[in-house]
Every structure is written in C-alpha cells, then in structure tokens.
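Asker: What would the 3D arrangement of this be:
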Amino acid sequence: MDEWREWIRDRSSLLIMLALTFLGGAWWWHGRAVTHPAGVLVAAEPIQTEPDPAEPWTFKQHRITPLAHFEIRARVLSTERYRFDRASELSPVDFALGWGPMSDSRVLEAFSIHQRDRWYFWSTEVPVIPSVIISHSANMHLIPATDSVARRLLSVKTGQLVELRGQLVRVDGPDGWHWVSSLSRTDTGDGSCEVIWVESARAADR
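Answerer: Next up is the predicted model:
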C-alpha cells in the first residue's frame, strides 16, 4: 500500500510540473512582442474632428462628455494593465502608441519604453530630437465602450498595429473626480495623455 501511495505521489508531482511548464510556456507565447522589419509602418497622423455625438452620456455612473471624434492607426509600443487605481473602473488598460518614425523598428531598437502609474516613459542613449518623439507617440487611456471592445484591447500585444476609433472625452465621476483628454499630439506633462472612449478596436495588418 505504501508503495502504491508513493507511486501516485510521484506521478502527481510530475503532472503538476508538466502543467506548470505548459502554462508558463503559454503565458510567454501569448505575451511575446510582435516584431517587424525596419521601415515606417504607419505614415498617417491620427485623425481628430468634431465630436460625434456632441451630447454627454452616462457610463458606470460617470458622465462622459465627448470633446472630439478620434481615429488612430499606430504601432503598440507598450501596454499596461490597471486594476486598482481610481480610473481602472473605466479604463483597464493603457497603450503607448507610435506612428511615423516611432513606428519604425530601426528607430525603436534604440529606445527603452515602459509604462507606470498611467504614464509612458522612454529613454535612449543615442542623440534624438525630443519634439519628434513627442509628436509621434503618446500614452492613451482607453475606455472600452463594450465588453467585446474590452476583450480586444486586453488581447493586444506590444508590437502589433492597431486601429482605434471613438471619442476623446472628459469624464466626471459622482465623487467629483474627473479625467480630461488632451486634444493635442504635441503637449507634455500632466494632462497630455489622450482619454479615449473606444467604440471599435482591431489589430491591423501592415
């Protein structure tokens, strides 16, 4: 009987190790960055026009006021999930996006990029013109309009090309909290991020 129990214990340990190895490999495979050859992947600038609709609406007890219609095709430089900050009730993920020169692998290989606390940070040891980086990349707070849009956003990987369509918005909470989108692609500092009500999202081929 003891030998039988030992045999079962050994086999159980082996199965657990195999399962953990499989899950770890699946997690790595899902999270790996998408790579591209050198060259600008997205030449077009984001499109910003008059808001549509123009009237506010309520979402999860927050007042959403549209400021501008917004469309962007860009390369995902980084993604960051948020679960515990004030904004995570509405926005579960931020994308750092790049277009123009900031969608070119030859340019990006010289950069270290990461996100933290709803900010996007970059660093490099090569000479750069900061205004070019500022005007061709941005951290964007994403508010999915539906559950299906949320699932698409949360499945996006670093390196993918994405197309987002929706509204730049102001958000006002019942507790007085507010979040206001930037309306410029060239501003910096506090308030320079876009807050996007995302009506549609898709990964786009080159």
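Asker: Can you tell me how far residue 193 is from residue 115?
Answerer: 11 Å (CB to CB, to the nearest Å). C-beta coordinates here come from the backbone N, C-alpha and C atoms, glycine included.
Asker: Residues that sit against both of those two, list them.
Answerer: 94, 139 (CB atoms under 8 Å, 6 or more residues apart in numbering).
Asker: how about the helices in the protein?
Answerer: Assigned by DSSP state H, the helices in the chain fall at 2-31, 105-108, 130-135, 147-154.
Asker: Show me the domain layout of this structure.
Answerer: The record's domain parsing of the chain by automatic domain parsing lists 1-32, 47-204.
Asker: For stretch 78-85, which residues meet the burial criterion?
Answerer: Residues 78-80, 82 are the ones in stretch 78-85 that count as buried (16 or more other CB atoms under 10 Å).
Asker: and what of stretch 115-127?
Answerer: Of the residues in stretch 115-127, those with enough neighbours to count as buried (16+ other CB under 10 Å) are 115, 118, 120, 122.
Asker: Would you mark the buried spots in the longest strand along the chain?
Answerer: For the chain, the strand with the greatest residue count under DSSP state E is strand 62-81. With burial defined by 16+ other CB under 10 Å, the residues of strand 62-81 counted as buried are 62, 64-70, 72-80.
Asker: Redo the buried residues of stretch 78-85 as CSV? Include pLDDT and distance to residue 171.
Answerer: Listed next are the buried residues of stretch 78-85 as CSV, based on pLDDT from 0 to 100; distance: CB to CB, whole Å:
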residue, pLDDT, distance to residue 171
78, 97, 23
79, 97, 21
80, 98, 19
82, 98, 14
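Asker: For these, give me a markdown table that also has distance to residue 96.
Answerer: Formatted as a markdown table, the buried residues of stretch 78-85 follow (distance: CB to CB, whole Å):
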| residue | distance to residue 96 |
| --- | --- |
| 78 | 4 |
| 79 | 8 |
| 80 | 8 |
| 82 | 13 |
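Asker: nearest to residue 149, of the residues you listed?
Answerer: Nearest to residue 149 among the buried residues of stretch 78-85, counting by CB to CB, is residue 79 at 14.9 Å.
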